[in-house]
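Novice: kindly return the folded structure for what I paste below:
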Amino acid sequence: MIQMQDSQWKLYVDGSSTENSSEAGIICVSPDGVKLSCAVHFRFKATNNQAEYEALLTSLRLAKEVSARHLVVYSDSQLVVSQVNSEFQAKGEKMASYLEKVKEVLNQFDTVTVTQIPRAENKNADALAHLVTGLEERLLKIVPIEVLESPTIDKPEQVGTIIVHPC
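Specialist: Got it, this is the predicted structure:
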């Protein structure tokens, strides 16, 4: 496990889904300004909102790995942010399961603030979300890619595969 100074971490998350693929981009910024970037490819079909939740859950797993205790999460998804902040209700069984899983994981941290930001302020996470589809081929050699075989809500403790391409 990576040990980092226990202070406020910033997590920028974005999920994306098209007819052909679903992925997510995550940027974690340490209290000292060190950035950890991760792109996630889903080997299952996800809606855009499900991809947004998967991005959030992946960022929270990464935050746990670096022993973060205080988080500020930034997402451009009004729906997900509003559901997590109890401003909107989750509709449908899958969305309710995602919301329940997120709240369960959030309880493992000391403080968490989830904030909606404009897409323009989340462009780096968005670029990572599109990385796997080949839009930024040159970055595939330097950014870890996590592969999720199935939705996080389907298994109690899902571990993704991280593929690191040699530089």
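
Novice: quick one: least confident helix or strand in this protein?
Specialist: strand 161-163 (a mean of 42; mean pLDDT, DSSP states H and E).

Novice: would you map the strands across this protein?
Specialist: Ranges of strands within the chain are 8-17, 22-29, 35-42, 70-75, 111-116, 145-148, 161-163, based on DSSP state E.

Novice: partners of the third one in the sheet?
Specialist: Sheet partners assigned to strand 35-42 using DSSP bridges are listed as strand 22-29 (antiparallel), strand 145-148 (parallel).

Novice: now that strand: buried residues?
Specialist: Going by neighbour count (16 or more other C-beta atoms under 10 Å), the buried part of strand 35-42 is 36, 37, 38, 39, 40, 41, 42. For every residue, glycine as well, the C-beta is placed using N, CA and C.

Novice: likewise the first one?
Specialist: Applying a neighbour-count criterion of 16+ other C-beta under 10 Å, the buried positions in strand 8-17 are 9, 10, 11, 12, 13, 14, 15, 16, 17.

Novice: the longest helix seen in the chain vs strand 8-17, what angle?
Specialist: Counting residues, the longest helix in the chain under DSSP state H turns out to be helix 48-65. Orientation check (axes from the mean of the first three to the mean of the last three C-alpha atoms, to 10 degrees): helix 48-65 against strand 8-17 gives 150 degrees.
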